[in-house]
Each structure stands twice: as structure tokens, then as C-alpha cells.
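1. can you look at this prediction? I've put the sequence above it.
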Amino acid sequence: MSWRAPARRYPVLAIRDFRILLIDRLLAPFSNGFSMVGVSFAVLNLTGSTADLSYVLAAQVAPMLVFTLVSGVFADRLRPQWVIIAGNIAVIVGEGTFGLLVLTGHPALWTMIGLEALNGIGAAMFYPASQALLPQIVPDALLQEGSSISRLAMNSGQMTGAASAGLVVALLGPGWALTLCAIGMTGTIPLLLSLKGGRTLRFAAAKGSGMITELREGWTEFRSHTWLWATVIQYALVMMAFNGAFLVLGPVVARTHLGGPAAWGAITAADALGLVAGGLVSLRYTPRKPMLFVVGSGAAIALTPLALALVLPLPVICLCAFALGTLIEVMMVQWTVQMATRIPSDKLARVSSYDALGSMSAMPLGALLAGPLAAAIGVSATQHHARRRRA
């Protein structure tokens, strides 16, 4: 078979479930790339308001405050891939409906907010379950290799999806991009159902213990690790600023100064290409002090928002996005390995849910502040302010 030759160099590829997971982790991020570009330009085209875009993107992140924790409990109880499937269905319904409404009419702002909240529920369910699934498929000895290759597939999918979405939005409109996102995510469901790995229902642990008890167990484990909760607090502040300065105001700068959706697709594709490069680096490189590397990477996240705030030429912004993507991907691989090797496997999804909740808890605030602040003082001034907060 064609996989046997690369499996001699990367033994993790000999695992059947891992190969299926790679296909899923190409297709799902490829589809999500259409959402990343389509949502922003659907809102901007329909309302022309940076404040409205803030509200819609905040609605994507807000469900994480609840559903990330729920996902962590169920991913520790059930097969994690079942939780991911439930999240993907939420994305299919949210983005598919949004796309059809854009193609056939003029959806109201409250409708767009509601549909993106549904999309956010799907995204919230993915991370804890994904963190729990890989260690159940890949043995510890192959975990860094498996994490690097898995994330390499995800980022390759996102890169090609974002680049394709920029062209689709420019040529056909954002409605088609959102519809294609839903179609692509539908294809992930049979792949996830075909996975044989992962635990079955954890009846012994779940019997007699409710949701609150299991959340308390995860919280106890989370707060017992200083390296974990301190890093999560750091990235809560980092992601709040990044969400407002890059994800909300980035499309506005692209639309106003850089040529529109194709430019934003190029920037997000460059970021994803950097993530791909970071995955390749991670196959060969391990920092001597992984947690110091993770913490130090946080300050570099100001790079791309600063380039946008200065309205540098598009190739320079793309280069900054590529460099940042490379660094962040190496960091994320190390974080994934540290979590998987330091946290007990039966609590990993719940601890990961607190990680996601803490890291992203302030992102809605960043989104809500960015649009109105940009309308009041200007986009570039807002992005400079966000950069100072990260520093």
C-alpha cells in the first residue's frame, strides 16, 4: 500500500485510525477556511458595520464559556469522536443555513448572530474531544510525531481552504463560501464514524457521578498544575487582544486598503502556510525547555496585527503572518505534548476544556470592543492599542 513507505520513516502512519484521522483533519479545516473568510465578508457586505462584525464574531466565541466544559465531560465519558461529530453537525446547520440565507435574501443581524453562535457551539465541542482522541489512537512514544503530522494536516487544510475561500468570495460571493463550508463538514461524519479507537462509555467512572462532580474533578486537576493555569491566564489576555485586532479588524483593513476578500484570503492562507511550516519544524525540533518556549511565544502574537495596523504592503503582511504561524505551530505542538504526557488520560478532555475556556474566555470581549472602538478612533489606532495590551 502507498502508506507503507512513509510509515517506515514515520511509524505513526502505520496506525489505521491515525490515517483516517489525518483525512478528517484535512477536510474539516479546509471547510472551516471557507467559514473564516465567508462570515466576515457576509457581514461587511450586508451591513458595512465593523460594530456588527464584532457582535457576530463575538457570538462565535461566546458559546465556549459553556459548551467547552460540557464537551470535556462527555469526551471523557464517551468516544471523543462522537463529541466531535455532534460539534460538526452544529457547524453544518449554522453555516449551511447562513449561506442559504445570504444567497436567497438579506438575513437580519440577530439571525447572523444566532447562526454564528451555533457555529461557535460546534467549535467549542471540538477542542477538548480532539485533545482526548489523539492519545487514544497513538501511543505515548509516537505522540509528538503524531501531533506534528496531525496538526500539519489540519493547517494544510486550513491554508488551502482559506486561499480557495478568498477566490470564491471575490468571484461568487460569501454565500457560496458558507454553503461550501457546510458541504465539506458533512464529509467528515463518515470518516469519524469509521474510527475504531477511543474508549467506549466510561460506565464505571460515570455511575453515580453527575456533571457537576465530573467538572469538579477536572477543575481540581487543572488548578493543581501551576504551569498550566498560569499559562492559560497569559493566553487569555493574548487571545482577547488578538481576536479584536486581527480577526475582527483584519478583514476591515483588507476590504478598505488591500483589495478585498482575496487579500484577506491570502493573509489567512499565509498564516496557515506558516502553521504547515511549523508542523514540519516540529517533526525535527524539540525546545530544551518546552514550557518556557510556550510562554515566550505569547508576545510574538502582536506581529501580524501590528503589520495590519501600519497598513504595510500585502506581501509584507503575508510574510509576517507566515512567520507568526510557524512560531505558533511549534508552540502548539509542544503544548499538546505537555498536556497529553502530564495530565491523566481519563481527565485529559476535562482539563483541556478548562484550558480552552480560560484561554478563550476573554475573546468575546476583545471582539465586542474592537468594532465600536475602531468606529470611534479608527482601525489602526485600535490595533496599536491592542498591541500595547499584549506587550
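-> Nice, thanks for sending it over. Numbers count the residues shown, from 1 in each chain.

2. could I get the average pLDDT for stretch 77-84?
-> For stretch 77-84, mean pLDDT is 83.

3. centre of the chain to it, how far?
-> 18 Å (CA atoms, centre = their mean, to the nearest Å).

4. please name the residues that touch the closest residue to F222 other than its chain neighbours.
-> Once flanking residues are discounted, F222 sits nearest to Y354: 4.3 Å by CB to CB, 6 or more residues apart in numbering. C-beta coordinates here come from the backbone N, C-alpha and C atoms, glycine included. Y354 is in contact with 69, 72, 218-219, 222, 232, counting by CB atoms under 8 Å, 6 or more residues apart in numbering.

5. pull out the buried residues from those residues.
-> Among the contacts of Y354, the ones that count as buried by 16 or more other CB atoms under 10 Å are 69, 72, 218, 222, 232.

6. which members of those residues occur in strands, if any?
-> Among these, no residue falls in strands (DSSP state E).

7. give the buried residues for the top helix by length along the chain.
-> Of all the segments assigned as helix in the chain under DSSP state H, the longest by residue count is helix 16-47. For helix 16-47, burial by neighbour count (16+ other CB under 10 Å) applies to 17-18, 20-22, 24-44, 46-47.

8. and the residue positioned nearest the centre of the chain, which of the three is it?
-> In the chain, the C-alpha nearest the mean C-alpha coordinate belongs to A123, at 7.4 Å (CA atoms, centre = their mean). Using DSSP: H, G, I helix; E, B strand; the rest coil, the structure places A123 in helix.

9. correct me, but it touches G94?
-> No - look at A123 against G94 with CB atoms under 8 Å: they stay out of range, at 9.8 Å.

10. related to what we said a few turns ago, would you list the buried ones among the contacts of Y354 in a markdown table and tack on pLDDT?
-> Below are the buried ones among the contacts of Y354 laid out as a markdown table (pLDDT from 0 to 100):
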| residue | pLDDT |
| --- | --- |
| L69 | 76 |
| G72 | 76 |
| G218 | 83 |
| F222 | 89 |
| V232 | 88 |
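
11. mind putting the residues you listed into a markdown table with distance to L103?
-> A markdown table is the format used below for these (distance: CB to CB, whole Å):
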| residue | distance to L103 |
| --- | --- |
| L69 | 35 |
| G72 | 36 |
| G218 | 42 |
| F222 | 43 |
| V232 | 40 |
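
12. tell me the contacts of the residue lying closest to T336 once chain neighbours are set aside?
-> Closest residue in space to T336, ignoring its immediate chain neighbours: S147 at 4.7 Å, by CB to CB, 6+ apart. Residues near S147 by CB under 8 Å, 6+ apart: 134, 282, 333, 336-337, 340.

13. average pLDDT for stretch 178-187?
-> On average, stretch 178-187 scores 93.

14. what's in contact with that stretch?
-> So stretch 178-187 is in contact with 27-28, 30-32, 34-35, 38-39, 42, 88, 91-93, 95-96, 98-100, 102-103, 161, 165, 168, going by CB under 8 Å, 6+ apart.

15. re the thing from before, how far does the helix or strand harbouring the residue nearest to F222 sit from the chain's center?
-> Here Y354, judged by DSSP states H and E, is contained in helix 348-360. Per CA atoms, centre = their mean, the displacement of helix 348-360 from the mean C-alpha position of its chain is 13 Å.

16. buried sites along it?
-> 348-360.

17. what about it, average pLDDT?
-> 80.

18. grab the CA positions of that helix and hand them over as CSV.
-> What follows is helix 348-360 as a C-alpha-only set of coordinates in CSV (Å, rounded to 0.1, in the frame of the first residue of the first chain):
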residue,chain,number,x,y,z
LEU,A,348,-7.5,15.0,29.8
ALA,A,349,-10.6,16.1,28.0
ARG,A,350,-12.0,17.9,31.1
VAL,A,351,-8.7,19.6,31.8
SER,A,352,-8.4,20.6,28.1
SER,A,353,-11.9,22.1,28.4
TYR,A,354,-10.7,24.4,31.2
ASP,A,355,-7.6,25.2,29.2
ALA,A,356,-9.8,26.2,26.2
LEU,A,357,-12.3,28.1,28.4
GLY,A,358,-9.6,30.0,30.2
SER,A,359,-7.5,30.8,27.1
MET,A,360,-10.5,32.0,25.1
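
19. in the stretch 1-150 of the chain, where is pLDDT below threshold?
-> Where the stretch 1-150 of the chain drops to pLDDT under 70, the residues are 1-8, 65.
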